[in-house]
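J.: A predicted structure for the sequence below; I have some questions about it.
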Amino acid sequence: MLNWFALLGGVLSVALLSMHGAAWVVLKTEGPLQERARRFAGALWWVAMVLLMAMIAASFVVRPDFTANFIEHPWLLLAPVITAAGAMAVKVFQRRQDGRRAFAAGAVLIAGVLASVAAGLYPRLLPAGPGSAHPGLDIFNAASPEGSLRTALAVYLWGLALVALYQVNVYRIWRGKARDVYH
C-alpha cells in the first residue's frame, strides 16, 4: 500500500494543505509574518500545481479506466473544472493580495480535487492487484451492515452539530487578526 503513487498523493496533500494553511496565516496576521506567509503561499501554489499535474498523469498510469465515469456521466467533468477554476483563482487572488478570496479559492481547489478523485474512482475504491483472486474494494463490498450505517449516521450528525457549534464559538472568540502585543 505504500508505493510511489500513494506517496505522490501524500506529498500532494501536504503541499495543498500547506498552501491553504499559509493562506490562513495571511488572513490572520499583519506585518512581516503576513508577508512571509504570503511568499510561502505563493511558492507552495507552484509546488502544489506541479504535484497535481504529476498526480493526474500518474492516475492514468495506475488507473487507465479513471476517465470512464467522466465519459459515461459528462456532468462529472464539473469537478475537474472546479479544480482548475479554484487553482487559477488562488493565483489571481494571491497576486492581488486578496487574502480572504485566496483562502476561499484554496478551499474550492481542495474540494475540487477531492470531488474529482471521488468521481473518477466511484464505485471502485481500491482495485485488486494484477492476478488477484479478489475483486478489490468497492462501495458495496466495503460497506458496513445497514443497521451500523444508520447508527453511525446518527452519531455523525450529532457530532457534526457539536463540532459546528464549537467552531462558531472559536471563530467568534478569535475573530480578527492576531496582534503582536510585545512590540
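T.: It's in. Numbers count the residues shown, from 1 in each chain.

J.: Let me see the mean pLDDT of stretch 112-124.
T.: In this model, stretch 112-124 has a mean pLDDT of 93.

J.: Relative to the whole chain's centre, how far out is that stretch?
T.: Once both centres are worked out by Cα atoms, centre = their mean, to the nearest Å, stretch 112-124 turns out to sit 11 Å from its chain's centre.

J.: try stretch 125-132
T.: Going by Cα atoms, centre = their mean, the spacing between the C-alpha centre of stretch 125-132 and its chain's C-alpha centre is 25 Å.

J.: try stretch 11-18
T.: Here the centre of mass of C-alpha atoms in stretch 11-18, compared against the chain's by Cα atoms, centre = their mean, lies 8 Å away.

J.: Give me the mean pLDDT for it.
T.: The average of the pLDDT scores along stretch 11-18 is 98.

J.: Of all the residues in it, which ones are buried?
T.: Going by neighbour count (16 or more other Cβ atoms under 10 Å), the buried part of stretch 11-18 is 12, 15, 16, 18. To be clear about C-beta, it is placed using only N, CA and C from the backbone, and glycine gets the same treatment.

J.: Same question for stretch 91-110.
T.: Taking 16+ other Cβ under 10 Å as the criterion, stretch 91-110 shows 93, 94, 99, 102, 103, 104, 105, 106, 108, 109, 110 as buried.

J.: quick one: average confidence on the helix or strand containing residue 157?
T.: Using DSSP states H and E, residue 157 falls within helix 146-173. Per-region confidence: helix 146-173 scores 95 on mean pLDDT.
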